[in-house]
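Engineer: Sharing a sequence plus its predicted fold:
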Amino acid sequence: MSTKSLCLFYGCTNVALMTGKCEAHKGRTRCMVDDCPNQTYARNLCIKHGGKQKCRIEGCESNVRSHGLCSKHGFGSYKKKLCEIEGCNKVAHARYRCVRHGGGQKCKVEDCTAFARSKGVCYRHGGVGRSASDSVSSSSSIQDEAAWTEQPVDDVWIGQFTALDVNNDIVFSLEERTMLEYFMPAKHIENTTAV
């Protein structure tokens, strides 16, 4: 009766193949340090024997996680630079200042005082989330937009058409009718029939 040997890698309890490695580890290499049962990480060495760089903070012997720093000195402990204005505790952007203190970039459109969101323009002029067809021309003003929104609206607008302009012979399911009654005044759905 033959005894089955275990995989040569440290902590692995799988049965070894003829190579001394199990099915899961057969493509892995072993650390080149004599009698080390660990898998290689880099340069034919395991992490313990130098396969990974050490943290760049003087005196720290931990392994690097990202950007030359270990987990202790890296992400969680990394402090974002704050605005240089005394008493301000907001995150600095451009020129070591927060947006409120002049650290943001202004919109490229002439006479616009809003901050740029993307591609050098503010939201109103096509930055972030707006398509070019939705953007407002540089000649329009906030007052023009405010005047438009203050006009009374009696009908629900869908694109260029009101709900009343749409064919009234549409048949709605009970669920759709309930939704319409909830969101729209009754005068808009009088002529619809339920299925």
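Structural biologist: Looks like it came in fine.

Engineer: all contacts plus neighbour counts: C-alpha atoms, from now on.
Structural biologist: Will do.

Engineer: tell me the domain ranges of the chain?
Structural biologist: 81-136, 157-194 (automatic domain parsing).

Engineer: show me where this structure has helices.
Structural biologist: Using DSSP state H, the helices of the chain run over 142-149, 174-183.

Engineer: Least confident of these, on average?
Structural biologist: For the helices of the chain, mean pLDDT drops lowest on helix 142-149, to a mean of 45.

Engineer: returning to that earlier point: worst mean pLDDT among the domains of the chain?
Structural biologist: Across the domains of the chain, the lowest-scoring stretch is domain 157-194, with a mean of 61.

Engineer: how far away is the nearest residue to Ser71 once chain neighbours are set aside from Cys7?
Structural biologist: Distances taken as CA to CA, 6 or more residues apart in numbering place Arg65 nearest to Ser71, at 6.0 Å, with adjacent residues excluded. Noted for Arg65: a distance of 28 Å to Cys7, by CA to CA, to the nearest Å.

Engineer: next one: Ala16
Structural biologist: Taking CA to CA, one finds Ala16 at 4 Å from Cys7.

Engineer: same check, this time on Cys70
Structural biologist: Distance from Cys70 to Cys7, by CA to CA: 31 Å.

Engineer: got a list of what Cys31 touches?
Structural biologist: Listed by CA atoms under 8 Å, 6 or more residues apart in numbering, the contact set of Cys31 reads 37-40, 44-46.

Engineer: can you do 10 Å?
Structural biologist: 9, 37-49, 51 (CA atoms under 10 Å, 6 or more residues apart in numbering).

Engineer: swap in Tyr10?
Structural biologist: For Tyr10, counting by CA under 10 Å, 6+ apart, the contacting residues are 36-39.

Engineer: could you redo the last one with a cut-off of 6 Å?
Structural biologist: 37-38 (CA atoms under 6 Å, 6 or more residues apart in numbering).

Engineer: same check, this time on Ala114
Structural biologist: 106-107.
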